[in-house]
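In: I'd like to go over a predicted model; first the sequence, then the structure.
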Amino acid sequence: MYKFILKRVGMLFPTLFGVITLVFFMLALSPGEPARVILGERANKEAVEKLNAELGLDKPMHVQYVIYLKKVVQLDFGRSIKTGQRVIDEIKSRFPATIELAIFSMILASVAGIFIGVISATKRYSLLDYVSMFGALFGVSMPVFWLGLVLIIIFSVNLNLLPTGGRMDIRYYFVPITNFYILDGLIHFFKSGDLGVFLSAVTHMILPAVTLGTIPLAIIARITRSSMLEVLKQDYIKTARAIGTPEHKVIFKYALRNALLPVITVIGLQFGMLLAGAILTETIFAWPGIGKWLYHAIESRDFPAIQGGIIVISTCFVLINLFVDLLYSVINPKIRTE
Amino acid sequence: MKRLSLLLVLLIAALSLFSFSSCGKSGEKSGGVLVFGRSGDAAGLDPGRETDGESLYIADNVFENLVEFVPGTTEIAPCLAEKWDISANGLEFIFYLRKGVKFHDGTDFNADAVVFSLARQFKKDHPAYKYGPWKYWSAMGMDDIIKDVVKIDDYKVKIVLKKKEAPFLANLAMQFAGIVSPAAVEKYKENFANNPVGTGPFKFVQWIKDDSIILERNDNYWREKAYLDRLILKVIPEPTARYLALKKGEVDIIDFPSPEDIENIKADKNLKVVEQPGLNVGYLAMNQSKKPFDNKLVRQAISHAINKADIIKAVYGNLGTPAKNPIPPTMWSYNDSIKDYEYNPKLAKELLKKAGYENGFKTTLWAMPVSRPYNPNAKKVAEIMQAQLKEVGITADIVSYEWGTYLDKLDNLQHDMCLIGWTGDNGDPDNFLYVLLSIQSTNKPAQNYAFWKNEKFDSLIRQAKETFDRNKRTELYKEAQVIFHEEAPWVPIAHSIVVEPMKKNVMDFKLSPLGKREFRQVWIQK
């Protein structure tokens, strides 16, 4: 078991080195001089040269690469070209928003997705099955942009139940502590007895989490269904039923545990993707997360910001995969011995 | 110039009298929180460092300059400087500073603060120089204009120029020349951009990145205080979501609505809109270093061949108005007596025949890859133009590159015809006419993308640059626009229209032609 973990952790380093190197060269070789893009129509020659020197972009590429590697190892991604702030601070102030949103979307998507998948599989070819699988197809194909706006129009503007966007009612003048607002809301509650901040954080979470969770929900439901069907066909299930095990025990204890392996893989991958790719949801719901920030960084050729952002996100992605792999071995002991 | 500043002083005196007389009412006006829904977050809050509009909105309310733009106009008025003298040779300005003004951190505004704020942007040995880059300073060519900034006494500052430059005062009114608290810069160092301290009507409270910036009324303000208790700038990137937040009442006023929503907004009885042409121009430049664009008849033919109304309808919708001059109509010296080239393909063909291109010719039409207020969709504009040019026999292939490359190639004049545009900085016609059309600007990297060299035009705009009398300058620029029209180096296409929707109870919000968002005079009707 330890050997498996060690081997798996050891594989992290070459992967991350690959990411770090790839990010550097992809940017260094991409067209469009950053100084030119930053200055736009106003650029004159001196201004471009001055900015290039300030950004260290006038040095030869291999020199830039060595400087970059040295800094990355010390977790110093430099300062954002656009804002002049340390990239790591920029990430710190935004990543919690994305993580919080991704966690809630994935809880929603996993619980609902697995539940729907199991029901569909056990009631195969029933009306319930058709309705849920049609719903799942609909969920996968729905444009996030459109769904988000429709939800805002229905639940915020027409029914006046939920806010249109943001993480918190701005008139609370709330000063974040951990930057995880729901957690902050709880801390605030224990300190002052005022539940308002917590409730505001929760109500602001609902629509974005539903919007972001729809596609993973649909994917998880479909995977769970097919995986369950596969398992339910196997002999040990027949045996379990034959010896009179109660049906709920057959489904949830014997079948589901085996069926979960591919589902967990998908959940892990989807979660990783949400960390990086929630740009649309973040945009519609004015959610101050990292996806939108990274998108703007790419648009404005903010090299240090792009490098820092991609490295942090890739690291999370790799760590989640590691976690999923380790989880396999808990669920399925066979993997440990392989 | 002296007479002008005297006039302005009188005007201000009159205005302040007026505001005293309405003092009884100001009690009713004051109070309330205004939430401004905008499309993006600030990059930073140091007025000298930032170049994007979203950052400068903060400067508009937190910082002030020696001189200011009268709200809603491009006129210059005294602000932190009460008045100024100009030496006979036009190279020395002495500014007399206002006394008793305090920064938000309680320190005094004085000559040291002025020298500090400006010198940090160009003196390499200045202790705060390293917190740059001071991009706007370089972009406005300030290094070529200012020689030195010197303190004479605590309330007198001398600025020495390298050359006679009338637009210099307008530059000083721009956000980058905002006066910052030296004590605060020393305290926060590079983090001053997160903790701005100025003398303006609002002071900074809190910034949650990509979410909101909270400002609060400055109760120690040197002139009439702002009415609002608080001003919150909230980021809502998606235009329709922004409109929905306004409709639901979560925000009071929004920037840049989506063109599709404007009709709904205008029809909503709880909302109103303020609109005005932006300080920009989108145009087609014809490169005269290449044939056949060196021929005036060809350029005039193209001017007659293009139907601006069609382009505006298809691409700009409610957010554009046709252009006939190189400068926008909100700018002083705009020559409204010029009659635009009418859309007339028949006449265009005749002109081409006269020029010796009876069977037309083949050329390229370059289209920008990015969306700008002055041209939201250059590729679509290019397609429409392509079809219109085809009608008079000109075959134009559309060419486009990635934005940085596009600008580079334009600077090297590799294009035949190109779509491009300009957004003004300081409200001075020089900022359009000299930057974009002078002979000086044909040197590579060129900004005169038409490679247009007209001695007469050039001498007029150079003369205007060195004249301090506004009336004389106006005459010179008006005459220059007549030459521009006749010679047709560009086809001016459109000026964007800025539309600002807000709740009915938001009062006295004035749109600035310079794109500023000032809230000092804004109040909420209860």
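Out: Cool, the structure landed.
In: When you work out contacts or count neighbours from here on, use the C-alpha atoms and nothing else.
Out: Will do.
In: What score does residue A:116 have for pLDDT?
Out: The confidence metric pLDDT takes the value 92 at residue A:116.
In: And what about it, helix, strand or coil?
Out: Per DSSP: H, G, I helix; E, B strand; the rest coil, the local secondary structure of residue A:116 is helix.
In: Measure how buried residue B:261 is and give me the count.
Out: Residue B:261 is flanked by 13 other residues according to other C-alpha atoms under 10 Å in any protein chain shown.
In: That one is in contact with residue B:240, isn't it?
Out: Yes: taking C-alpha atoms under 8 Å as the definition, residue B:261 is a contact partner of residue B:240 at 7.2 Å.
In: so how far is chain B from the residue of chain A positioned farthest from its centre?
Out: Distance from the C-alpha centroid of chain A, by C-alpha atoms, centre = their mean, peaks at residue A:243 (43.7 Å). For residue A:243, the distance to chain B under the criterion C-alpha to the nearest C-alpha, to the nearest Å works out to 58 Å.
In: Return the distance of the residue of the stretch 51-200 of chain A found nearest chain B relative to residue B:66.
Out: Of all residues in the stretch 51-200 of chain A, residue A:83 sits closest to chain B, with a separation of 4.8 Å (C-alpha to the nearest C-alpha). Here residue A:83 is placed at a distance of 26 Å from residue B:66 (C-alpha to C-alpha, to the nearest Å).
In: which of those two has more neighbours?
Out: In this comparison of residue A:83 against residue B:66, neighbours counted by other C-alpha under 10 Å, the higher total goes to residue B:66 at 24 against 21.
In: Enumerate the residues of the stretch 151-300 of chain A near chain B.
Out: For the stretch 151-300 of chain A, the residues in contact with chain B under the definition C-alpha under 8 Å from any C-alpha of the partner chain are A:152-153, A:156-157, A:160, A:164-166, A:170, A:283-289.
In: The residue farthest from the centre of chain A and residue A:250: what is the separation?
Out: To residue A:250, residue A:243 is 11 Å away according to C-alpha to C-alpha.
In: swap in residue A:332?
Out: If you measure residue A:332 against residue A:250 using C-alpha to C-alpha, the figure is 18 Å.
In: so what pLDDT did the residue in the stretch 351-500 of chain B that chain A sits nearest to get?
Out: Distances from the stretch 351-500 of chain B to chain A, computed as C-alpha to the nearest C-alpha, single out residue B:404 as the nearest residue at 4.6 Å. pLDDT, residue B:404: 76.
In: Assign a three-state SS to it, would you?
Out: What three-state DSSP gives for residue B:404 is helix.
In: ok, how many other residues are close to residue 282?
Out: Using chain A here. 26.
In: ah, no, chain B please
Out: Residues near residue B:282, counting by other C-alpha under 10 Å, number 28.
In: I'd like to know which elements the host helix or strand of it is packed against.
Out: Taking DSSP states H and E as the criterion, the element that holds residue B:282 is strand B:280-286. With contacts defined as 3 or more C-alpha pairs under 8 Å, 6 or more residues apart in numbering or on different chains; DSSP states H and E, the packing partners of strand B:280-286 are strand B:417-423, strand B:490-503.
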